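1. Here's my sequence, what's the structure:
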Amino acid sequence: MKTKAAVLYEIGSPLVIEELELEGPKANEIMIKYTASGICHSDYSFRYGVIASEIPAVLGHEGAGVVEEVGPGVTELKPGDHVIASLTPACGNCLFCLERKPFMCVEMGKVIWEGCLPDGSTRLKNSKGEAIRQLVGVGTFSERAVIPAGNAIKIDNNAPLDTVCLIGCGVTTGVGAALNTVDINPGDSCAVIGCGGVGLSIIQGARIAGATTIIAIDPVPQKRELAKSVGATHTIDPNEVNPIKEVRNISRGGVHYAFEALGLKATIEQAWSMPRATGTAVIVGVPSGDTEIDLPVLGFFGEKHFKGSAYGTSVPSKDIPRFVDLYMKGDLKLDDMITNRIRLEDVNDAFDAMGRGEGARSVIMYD
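-> Have a look, this model is predicted:
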């Protein structure tokens, strides 16, 4: 079967829009026809080599669509089901899956870093017969893909796929960081550094958890306005004031939780300085592999905590339908986060806009 896709052949170069040959699903795999895909900042990082992965590869990992075909052994899904592609294979057998920590599934290394299916194979070839990998095993910058059945999370057929696709990565990562990674209590205070898709989702998770002071930090005015629209009570332009001092002033000595959603050395270090004694800094943004940080150790003697959050500490089979339900009830504001809906052919322009810090999320629409 043919599928049109956006392929990265060289780090830092524009994606190539081309037709690929797609092999059908094998055991425990499904074929999905994507309806839409968000463009996540991690796609940008993969394109520019900040996060390493094998190429050539179809990028994209924030997609939703309809099951077209199932391979042998697939019993939980059938053609016609609406699904969101999850980042984690959830093999069900490894140590982490058995401990109900599928966000750390050992099979994830294969699909993320090698861009292949869990058995090490690929299902895509270009016109030259070259094998094409797919980012994190799902390759959502393609009209169709074959993915592990465990990555396809069935959702309410009434949910709009071109909106809830964001739950595939950024929303689950952000909302989950606030609802799963830490235990925000009603009345708590939070700071969020970076108001892209993940940061806006953290803000929403904090609001849903009952935080009453939510401070959004971003130099882009449009993003600060978006932050207000989804639940931020205060905003800070870090180019105008010292964000650490301002956060501590607003929160009367420091927040309960500070979330970093950019993956940068400077902002990770800032996040550590924002919580009060006994507070927690949570690193959600993905840094480059060689990033090292410098922290004043004395904070640990005030029983401050420093945590990482991987994919929102989520159990995708439980949390993705839960977040879809929150959207359908109006508690999770996803439409506000979508700043552009584009064609696949416009993906490189969307990356350029992302590099300029414009907007929160662009969504690729398929026919």
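
2. rest of the way, CA atoms for contacts and neighbours
-> Fine.

3. residue ranges with poor pLDDT in the protein?
-> Along the chain, the parts satisfying pLDDT under 70 run over 109.

4. need the helices for it, in chain order.
-> Using DSSP state H, the helices of the chain run over 41-47, 95-98, 108-109, 161-164, 170-176, 197-209, 221-230, 243-250, 265-273, 316-328, 347-355.

5. quick one: contacts of the last one?
-> Right, the one you point to is helix 347-355. 6, 14-15, 39, 41, 44, 359, 362, 364 (Cα atoms under 8 Å, 6 or more residues apart in numbering).

6. quick check, nearest of the residues you listed to K304?
-> Among the contacts of helix 347-355, H41 lies closest to K304 (Cα to Cα), at 29.0 Å.

7. And that closest one, how close does it get to G254?
-> From H41 across to G254, the span is 29 Å (Cα to Cα, to the nearest Å).

8. re earlier: would you mind putting the contacts of helix 347-355 into JSON lines with neighbour count and distance to A350 alongside?
-> Shown next, in JSON lines, are these (neighbours: other Cα atoms under 10 Å; distance: Cα to Cα, whole Å):
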{"residue": "A6", "neighbour count": "26", "distance to A350": "13"}
{"residue": "P14", "neighbour count": "18", "distance to A350": "11"}
{"residue": "L15", "neighbour count": "22", "distance to A350": "11"}
{"residue": "I39", "neighbour count": "28", "distance to A350": "8"}
{"residue": "H41", "neighbour count": "21", "distance to A350": "11"}
{"residue": "Y44", "neighbour count": "21", "distance to A350": "10"}
{"residue": "G359", "neighbour count": "20", "distance to A350": "10"}
{"residue": "S362", "neighbour count": "24", "distance to A350": "7"}
{"residue": "I364", "neighbour count": "27", "distance to A350": "10"}
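
9. Farthest-apart pair in those, please.
-> Spanning the widest gap among the contacts of helix 347-355 are A6 and G359, at 21.2 Å by Cα to Cα.

10. Now do the contacts for F306.
-> Neighbouring residues of F306 by Cα under 8 Å, 6+ apart: 272, 280-283.

11. ok, and the most crowded of those residues?
-> Among the contacts of F306, the one with the most neighbours (other Cα atoms under 10 Å) is A281, at 28 neighbours.

12. Pretty sure it sits against E269.
-> No: with contact defined as Cα atoms under 8 Å, A281 does not reach E269; the gap is 9.4 Å.

13. so P72 touches M31, yeah?
-> No: at 12.0 Å, P72 and M31 do not qualify as touching, with contact defined as Cα under 8 Å.

14. Settle it for me: which of those two has more neighbours?
-> M31 (25 against 11).

15. For the more buried one, list the residues it contacts.
-> With Cα under 8 Å, 6+ apart, M31 has these contacts: 24-25, 67-70, 144-147.

16. what do you get for I244?
-> Counting by Cα under 8 Å, 6+ apart, I244 has contacts 270, 273-274.

17. Closest to I208 out of these?
-> Of those, the one sitting nearest to I208 (Cα to Cα) turns out to be M274, at 21.5 Å.

18. So that closest one sits against E246, correct?
-> No: under the criterion of Cα under 8 Å, M274 makes no contact with E246, lying 9.3 Å away.

19. what residues does stretch 71-84 touch?
-> Contacts for stretch 71-84 (Cα under 8 Å, 6+ apart): 25-30, 63-70, 149, 152-157, 161, 164-165, 167-168, 320.

20. Give me the subset of these that lies in strands.
-> Among these, the members falling in strands are 29-30, 63-70, 152-154 (criterion: DSSP state E).

21. which of the residues you listed has the most neighbours?
-> Of these, with other Cα under 10 Å as the count, G63 tops at 35 neighbours.

22. Could you check what's spatially nearest to it, not counting adjacent residues?
-> Among residues not flanking G63 along the chain, S37 sits closest, at 4.1 Å (Cα to Cα, 6 or more residues apart in numbering).

23. Looks like the one you found contacts I167 (just checking).
-> No: between S37 and I167 there is no contact under Cα under 8 Å: 10.2 Å.
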